[in-house]
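S.K.: predicted model and sequence below, questions to follow.
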Amino acid sequence: MAKPERVQLGLITGVHGIRGDVIVKAFTADPEDIALYELTDASGGRPLRLKVRRITAKGLVAGVSGVTDRNGAEALKGTELWVERSLLPAPDEDEFYYVDLIGLEAVDLEGVRFGRIVQVANYGAGELLEIELDNTRNTELVPFKVEFVPHVDVTGGRVAVAWPLQFEVVNPSDGDDAENGDAGGSGAGNTN
């Protein structure tokens with residue numbers, strides 16, 4: 001599988017003040033490191049040079065080269081910040097860029113394929129793998145934690161997932177069964 005030539009490092013999520021500063025959600029390990037790269041918009045045509053002002057709970061407050069007022073900053077809201085992959089350091093042996101997970105096969109712990117990864121998302125509680133299930137239009141979100149995803153093999157093109165995910169469900173109407181531990185688990189997105 002070919003590696004993407006560009007990697008998204010951040011997103012302009014809002015504006016800050018009246019002097020053209022923006023709020024950036026950075027995807028770099030150290031949020032301030034995003035300003036070290038030659039960034040462009042998603043099309044690759046518009047260069048976007050950042051100058052970090054400070055870090056806040058909402059994200060990085062940064063100035064953008066050439067933007068001097070709130071109207072200019074407002075026009076950038078929603079802009080994805082991309083970098084050429086060749087400018088990024090090579091990941092260590094047990095590390096990878098999330099973009100490299102897109103398209104990998106999702107297999108259960110016995111190696112049986114059940115889908116493929118279509119997105120790595122974070123809605124505020126940690127990273128999730130969005131897996132498109134084979135032979136359906138359905139997707140499932142799986143927490144990207146070692147308990148659920150014990151093995152990632154980017155070179156081999158697959159990710160092992162503890163599938164189907166099992167969650168203990170206790171139904172109060174089951175009465176004594178729930179107290180005896182007989183409440184069954186339900187598969188999150190059973191493929192049968």
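M.R.: That came through, no problem. From a predicted model like this one, the values you see are computed outputs, not experimental measurements.
S.K.: going forward, measure contacts between C-alpha atoms and count neighbours the same way
M.R.: OK.
S.K.: care to break the protein down by domain?
M.R.: Under the assignment named as automatic domain parsing, the residue ranges that make up the domains of the chain are 6-87, 100-167.
S.K.: could those domains go into JSON lines alongside distance to Glu93 and mean neighbour count?
M.R.: Rendered in JSON lines, the data for the domains of the chain read as follows (distance: least, CA to CA, whole Å; neighbours: other CA atoms under 10 Å):
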{"stretch": "domain 6-87", "distance to Glu93": "17", "mean neighbour count": "17"}
{"stretch": "domain 100-167", "distance to Glu93": "11", "mean neighbour count": "16"}
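S.K.: please name the residues that touch Glu105.
M.R.: 113-117, 157-159 (CA atoms under 8 Å, 6 or more residues apart in numbering).
S.K.: ok, those vs Asp33, which is closest?
M.R.: For Asp33, the nearest member of these is Ile117. The distance, counting by CA to CA, is 27.2 Å.
S.K.: just the pLDDT for the closest residue to that closest one other than its chain neighbours.
M.R.: Take Ile117 and drop its neighbours on the chain: the residue closest to it by CA to CA, 6 or more residues apart in numbering is Ile131, 4.4 Å away. If you check Ile131, the pLDDT there is 95.
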